[in-house]
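Asker: just the structure for this:
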Amino acid sequence: MPKLDAHISGDGDFLPEEDYELQSASQVSDPLLPSYDEHKPYFTSPHQRLEIHRRHSRFRRILTYVCLSLLVAVPSLALLACYVGRDVIERAREWDQLPPDVKDWLDGVLPAGVKVDHGAFPTSIGYAGPTPTGSEPALLATAPVLPIYTNVHPLVAPTEKAKNNFNIIQHWGNLSPFFSVASHGLPESSSLLPERCEMEQLHWLQRHGARYPTSYPEGPSAFASRIMNSKSNWNATDDLEFLNNWSYQLGAEILTPFGRSQLFNLGVSARVKYGFLLNKMKGRLPVFRTESQDRMLKSAQNFASGFFGIPAEDQYNLEVTIEAMGFNNTLAPWTTCRALGNEYKSKLAEWDSIYLQDAQARLQRMIKGYEITIKDAKDMMETCAYETVALGYSSFCDLFTQKEWKGFEYRNDIYWWYSSSFGYAPARAQGVGWVQELVSRLTKTRLMEFNSTTNSTFHNDVQFPLHDPLYVDFCHDTQFALLLPTMNLTTFSESGDLPTDHIPKHRSFIASKIMPFATNLQVQVFTCSGTKKVRLILNDAAVPLTGIKGCPNDDDGLCPLATFVSSMQELIGEVDFAKECAVDAGAPIAAEVGDMAEDSAVVVVPEEGEEGLQEEEGDDLS
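Answerer: All right, here's what the predicted structure looks like:
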């Protein structure tokens with residue numbers, strides 16, 4: 001077969017053989033390396049050899065000195081690092097706490113800091129194949145029933161102490177993963193599109209996904225510190241034996257892998273249910289809003305990736321507002337309200353001493369050399385929840401009975417009721433800013449008065465559009481607790497203040513159903529037979545609006561839009577933000593929302609013309 005001296009290029013042209021990287025030798029007998037036989041040998045003079053010897057000697061001496069110095073310096077620096085660095089590393093649990101030079105160094109040596117070589121690994125190489133897009137889905141209008149979401153895959157939910165179909169993972173309060181709620185008081189209602197109604201607008205309020213514990217001085221990290229730093233030689237047995245080899249492995253603040261998947265899946269779900277609203281955008285891009293905290297930004301991005309598909313950046317506008325001291329923010333309103341509200345701490349202590357009494361005694365029998373406290377038992381239950389959503393499984397979960405998990409859930413109810421909702425005096429003042437923005441969007445009327453937590457900087461046609469059919473805001477769990485009294489959703493307060501000596505048989509306020517990880521509230525606007533109506537869907541169940549002045553007792557939770565707006569405007573008018581948030585008071589600081597909250601705030605009153613000031617602490621107001 002004859003040898004081919006040319007090759008065909010991708011364009012069909014022939015390429016000469018020399019254009020290839022690998023070329024064949026012209027002769028089989030050619031040497032693989034150059035031959036130097038024809039060159040004469042070169043001999044150095046005695047003087048040259050002496051100079052070379054001297055240079056080598058000096059080089060060997062310098063190399064010896066360098067090696068000896070390193071032998072002394074490296075161990076010394078290592079010992080110094082072990083002595084000084086241990087405490088520094090303990091304090092620097094969060095990336096933001098690291099000094100800039102250390103972060104720069106870590107960026108250079110750790111895999112997380114490695115930069116992707118987009119030049120060597122391009123993704124846009126053509127050859128994508130056919131890419132036709134189908135019609136936008138509208139599941140609300142086409143399906144006979146909407147799907148119920150209870151899946152927590154790939155988490156291993158605790159089941160050992162559960163019976164009668166009791167789902168432990170749904171009784172962790174604000175630490176429970178999102179699940180579809182059967183009913184908020186309208187058992188016959190459906191989340192489907194009501195008959196003879198066309199959907200006009202959607203306002204989607206979304207909490208971030210499952211996260212690691214926030215940087216507050218209680219909970220899993222505090223328990224780990226107490227048990228690991230105990231001066232006694234303790235030993236655990238029976239169900240607690242795993243503690244002998246246990247170590248704390250949780251991060252802080254940011255989304256867990258499961259938390260990322262929650263938001264992505266909810267984005268997909270929203271597209272399947274409400275994708276048809278994009279047809280009403282008239283060429284505009286939707287505006288999503290979120291805050292600057294890492295878990296908030298990543299939640300919005302993961303949701304958008306599920307809703308729009310990757311890459312999502314060019315399909316929507318993401319407004320990132322600052323959540324920090326010095327900035328008003330309706331999605332993190334505690335930054336500007338410094339009214340006190342610490343009554344919940346004593347109430348939690350009362351309830352803890354009741355529902356954890358048996359658990360404390362039982363756990364104490366499983367460990368020698370360490371005294372188990374009520375706080376330890378409570379922190380172990382939190383560790384169960386956090387480890388499950390972060391690591392997929394936790395050995396702490398099976399330490400507690402079904403009755404104790406019900407008590408833990410009720411503990412969350414007590415906390416949220418008295419720290420951020422109906423039992424918290426400044427709740428309406430903190431929640432009123434977002435309600436003002438909701439009314440602005442519903443009426444397509446620009447806000448002209450900024451007298452609460454609203455930030456006037458972003459209220460313009462670009463960053464706060466008023467004529468879009470789709471709005472998505474991302475917030476913390478506290479926002480949902482605040483909005484219940486702010487919007488007068490009295491269905492959740494029917495059973496009254498929560499006692500601390502027993503669990504009421506039929507309580508209306510259950511945090512697990514109101515503000516779990518990835519909880520969401522959908523404010524839907526319809527045109528029904530020529531009349532505009534509004535409906536609220538919280539975690540896939542319609543919310544009765546009978547507490548809102550003028551709204552009828554409707555089986556589907558519908559209320560005329562004009563009536564709803566009028567009632568919201570009246571509720572807004574009843575709030576004296578300056579008075580209820582003690583803006584005119586002299587001393588700074590106040591609303592401490594710690595313990596189980598997501599991101600509670602300690603707030604400094606703003607000067608005239610400044611944004612609100614905040615310093616965070618606590619579990620997660622996010």
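Asker: what's Thr321 in contact with, if anything?
Answerer: Arg289, Thr290, Glu291, Ser292, Phe327, Asn329, Leu331, Asn455, Phe458 (Cβ atoms under 8 Å, 6 or more residues apart in numbering). C-beta here means a position set from N, CA and C on the backbone, and glycine is covered the same way.
Asker: do that again at 7 Å, thanks
Answerer: For Thr321, the contact set (Cβ atoms under 7 Å, 6 or more residues apart in numbering) comprises Arg289, Glu291, Ser292, Asn329, Leu331, Asn455, Phe458.
Asker: mind putting the residues you listed in CSV, secondary structure included?
Answerer: Formatted as CSV, the contacts of Thr321 follow (DSSP: H, G, I helix; E, B strand; the rest coil):
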residue, secondary structure
Arg289, strand
Glu291, strand
Ser292, coil
Asn329, coil
Leu331, coil
Asn455, coil
Phe458, helix
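Asker: pick the one among those closest to Thr546.
Answerer: The nearest member of those to Thr546, counting by Cβ to Cβ, is Leu331 at 27.4 Å.
Asker: which residues does Gln206 contact?
Answerer: Contacts of Gln206 by Cβ under 7 Å, 6+ apart are Phe303, Val472, Asp473, Phe474, Asn520.
Asker: give the pairing partners of the lengthiest strand in the chain; include direction for each.
Answerer: The longest strand of the chain (DSSP state E) is strand 197-207. Strand pairing for strand 197-207, determined by DSSP bridges: strand 470-475 (parallel), strand 520-528 (antiparallel).
Asker: return the most buried member of those strands.
Answerer: strand 470-475 (a mean of 25; mean count of other Cβ atoms under 10 Å).
Asker: follow-up on the earlier one: so which of the strands paired with strand 197-207 is nearest Glu200?
Answerer: Here strand 520-528 is closest among the strands paired with strand 197-207 (Cβ to Cβ), at 4.9 Å.
Asker: helices and strands around the following helix or strand past the closest one, which ones?
Answerer: The element immediately downstream of strand 520-528 (helix or strand, assigned by DSSP states H and E) is strand 531-538. With contacts taken as 3 or more Cβ pairs under 7 Å, 6 or more residues apart in numbering; DSSP states H and E, strand 531-538 sits against strand 520-528, strand 559-560, helix 561-573.
Asker: and the longest strand of the chain, what's buried?
Answerer: Cys197, Met199, Glu200, Gln201, Leu202, His203, Trp204, Leu205, Gln206, Arg207 (16 or more other Cβ atoms under 10 Å).
Asker: before we move on, what about stretch 297-313?
Answerer: 297-308, 312.
Asker: check stretch 181-201 too.
Answerer: 181, 184, 186, 189-194, 197, 199-201.
Asker: what's the mean pLDDT across that stretch?
Answerer: What stretch 181-201 shows for mean pLDDT is 93.
Asker: check the offset of that stretch from the chain's centre.
Answerer: 28 Å (Cα atoms, centre = their mean, to the nearest Å).
Asker: could you do stretch 397-417 as well?
Answerer: On Cα atoms, centre = their mean, the centre of stretch 397-417 falls 23 Å from that of its chain.
Asker: got the contact list for it?
Answerer: 158, 160-163, 166, 168, 171-174, 239-240, 344, 347-348, 351-352, 355, 359, 363, 380-381, 384, 388, 423, 481, 498, 500, 503, 507, 509-512, 515, 595-596.
Asker: try stretch 506-514
Answerer: For stretch 506-514, contacts defined as Cβ under 7 Å, 6+ apart pick out 170-174, 176, 181, 409, 412-413, 416-417, 480, 491-495, 498, 539.
Asker: ok so, going back, any chance of JSON lines for the strands paired with strand 197-207, columns mean pLDDT and distance to Gly557?
Answerer: Shown next, in JSON lines, are the strands paired with strand 197-207 (pLDDT from 0 to 100; distance: least, Cβ to Cβ, whole Å):
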{"stretch": "strand 470-475", "mean pLDDT": "98", "distance to Gly557": "20"}
{"stretch": "strand 520-528", "mean pLDDT": "97", "distance to Gly557": "9"}
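Asker: of all these, which one comes closest to Ala578?
Answerer: Of the strands paired with strand 197-207, nearest to Ala578 by Cβ to Cβ is strand 470-475, at 23.3 Å.
Asker: for this protein, give me the ranges with low pLDDT.
Answerer: Within the chain, the stretches with pLDDT under 70 are 1-55, 57, 72-114, 338-342, 583-622.
Asker: can we see that at 80?
Answerer: 1-116, 160-162, 217, 325-326, 338-342, 582-622 (pLDDT under 80).
Asker: spit out the contact partners of the residue nearest to Lys532 when sequence neighbours are not counted.
Answerer: In space, and not counting its chain neighbours, Lys532 is closest to Leu561: 3.9 Å by Cβ to Cβ, 6 or more residues apart in numbering. Going by Cβ under 7 Å, 6+ apart, Leu561 touches Leu442, Val525, Lys532, Lys533, Val534.
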